[in-house]
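Colleague: structure, please.
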Amino acid sequence: MDRVDPLAGSDIEYAGDRQLEAQGRPRAPYCVLAPVQRTSPLVFNSPHSGTDYPDDLIASTGLDRTTLRRSEDSFVDMLFADAPSFGAPLLKALFPRAYLDVNREAFELDPMMFEDSLPSHVNTRSLRAAAGFGTIARVVADGIAIYRHKLPFSEAERRVAQLYHPYHSALSDLISGSLQQFGCALLIDCHSMPSAGAPAISSGRQAADIILGDRYGTSCAPQISQIIEEILRGQGYQVVRNSPYAGGYITDCYGRPGRAQHAVQIEINRALYMDENHVAPSDGFTRVKDNMSSLIEALSTRLTPELLISSIV
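Modeller: Below you'll find the predicted structure:
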């Protein structure tokens, strides 16, 4: 099977942003792949697949690009790229997770990373930040420190203003668009997990292929999560619900099933579709992409506005 080129199509997708740069205007920190016509209340989001590593990050770290990229949910945006073909938009970050993580609070920071004292509005008690994975990460996925020196807090403020807030504004607009057009919305928050961190299924021998997180039924009506799980199991995947990934900040923030606004996080085992050591698509990529396209098509058909609206918890 031919190896997939992860940069294929990027000239088309980002042409508008490069035109902005040529005009001296800043490039958007995200890309929306929009359908010609929205026919589905679904919204797909890939917040951790960005690969545009800023020069200031490269200058401030001693890590090579491959090591930095192990923090990515690499190629997840490509796995779900067919969403617009089924009437649903896909939002994807262009900046990397190692630079800023939008699946956190705006200021969820480890104070040990900064040279000055942090203001009171910063969440310095976050367990995720303490582990090195705050809004601005201290370490990459392998636990290796990213920065050679401490950062000024003004740098965190700059990244939040230029990347975090515009990204969440775009995501909010897409969800609001679904609510206005269909009276409901379903956010599918798309991620991948290291194969080493995938939990064993009940047999204790085989690692889980996919984990669905709905915050234990609080971000999405259980019957909606069940339909997603049934489709994935029908494709032959071993699916686990909420363990160890129940959904992050995005799922928790945007999941309001009582208002017919549902949110589910999907984590795909990277061993299914990529070479984790070399951060490259593997021979399994095409199969997983085809399955995710089939999932999108099935959800667009089965999860009607009537069902999403009636599935209120």
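
Colleague: going forward, measure contacts between C-alpha atoms and count neighbours the same way
Modeller: Fine.

Colleague: where along the stretch 51-200 of the chain do the strands fall?
Modeller: For the stretch 51-200 of the chain, the strands defined by DSSP state E, counting those that start in this stretch occupy 90-93, 185-193.

Colleague: which among those is found nearest to T67?
Modeller: strand 185-193 (15.8 Å; CA to CA).

Colleague: any idea of the mean pLDDT for the closest one?
Modeller: The average pLDDT for strand 185-193 rounds to 98.

Colleague: shaky segments in the stretch 101-250 of the chain?
Modeller: 202-205 (pLDDT under 70).

Colleague: surely G134 and M112 touch.
Modeller: No. With contact defined as CA atoms under 8 Å, G134 does not count as touching M112 (11.7 Å).

Colleague: the more surrounded of the two?
Modeller: Neighbours per residue (other CA atoms under 10 Å) separate G134 from M112, with G134 holding more: 27 against 15.

Colleague: roughly how far apart are the more buried one and H278?
Modeller: 25 Å (CA to CA, to the nearest Å).

Colleague: do A145 as well
Modeller: Taken as CA to CA, the span from A145 to H278 is 20 Å.

Colleague: those two: who's more crowded?
Modeller: A145 (15 against 12).

Colleague: which residues touch the spatially closest residue to the more buried one that is not a sequence neighbour?
Modeller: Spatial nearest neighbour of A145, chain neighbours left out: V139 (4.3 Å); criterion: CA to CA, 6 or more residues apart in numbering. The contact partners of V139, by CA atoms under 8 Å, 6 or more residues apart in numbering, come to A98, G132, F133, A145, I146.

Colleague: could you dump the residues you listed to a markdown table with distance to L299?
Modeller: Shown next, in a markdown table, are the contacts of V139 (distance: CA to CA, whole Å):
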| residue | distance to L299 |
| --- | --- |
| A98 | 31 |
| G132 | 36 |
| F133 | 32 |
| A145 | 40 |
| I146 | 39 |
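
Colleague: show me which of those residues is closest to V239.
Modeller: Nearest member of those to V239, counting by CA to CA, is F133, at 25.4 Å.

Colleague: how far away is the nearest residue to that closest one once chain neighbours are set aside from L68?
Modeller: Closest residue to F133 in three dimensions, ignoring its sequence neighbours and counting by CA to CA, 6+ apart: V139, at 6.8 Å. Computed as CA to CA, the V139 to L68 distance reads 9 Å.

Colleague: one more: A271?
Modeller: 18 Å.

Colleague: neighbour-wise, which of these two wins?
Modeller: L68 (25 against 19).

Colleague: hmm, A98 and that one touching each other?
Modeller: Yes. Between L68 and A98 there is a contact under CA under 8 Å: 6.7 Å.

Colleague: what touches both of the two?
Modeller: Here L68 and A98 have V140 as joint contacts, going by CA under 8 Å, 6+ apart.

Colleague: quick one: the helices in the stretch 1-150 of the chain?
Modeller: 10-13, 15-22, 55-60, 65-69, 76-79, 127-130 (DSSP state H, counting those that start in this stretch).

Colleague: now the first one: mean pLDDT?
Modeller: Meaning helix 10-13. According to the model, helix 10-13 has a mean pLDDT of 31.

Colleague: same question for the third one.
Modeller: Model confidence over helix 55-60, given as mean pLDDT, is 96.

Colleague: got it, and the fifth one?
Modeller: Helix 76-79 comes out with an average pLDDT of 98.

Colleague: now swap in the fourth one and tell me
Modeller: Mean pLDDT, taken over the full extent of helix 65-69, equals 94.

Colleague: mind listing what's buried in that helix?
Modeller: T67, L68, R69 (16 or more other CA atoms under 10 Å).

Colleague: how many neighbours does Q261 have?
Modeller: 26.

Colleague: give the contact list for the residue lying closest to it once chain neighbours are set aside.
Modeller: Counting by CA to CA, 6+ apart, A185 is the residue found nearest to Q261 once chain neighbours are left out, at 4.8 Å. Residues near A185 by CA under 8 Å, 6+ apart: P41, L42, V43, I175, S178, L179, A260, Q261, H262, L308.

Colleague: is the third one bridged to anything, and to what?
Modeller: Per DSSP bridges, residues listed as beta-bridge partners of V43: L187.

Colleague: contacts for stretch 188-204 next, please.
Modeller: 42-48, 73-74, 76-77, 206-209, 238, 240, 243-244, 250-251, 263-271, 276.

Colleague: if we use 7 Å, what do you get?
Modeller: Counting by CA atoms under 7 Å, 6 or more residues apart in numbering, stretch 188-204 makes contact with 43-46, 73, 76, 206-208, 263-271, all of which sit outside it.

Colleague: and the residues you listed, which are buried?
Modeller: 43-46, 73, 76, 207-208, 263-271.
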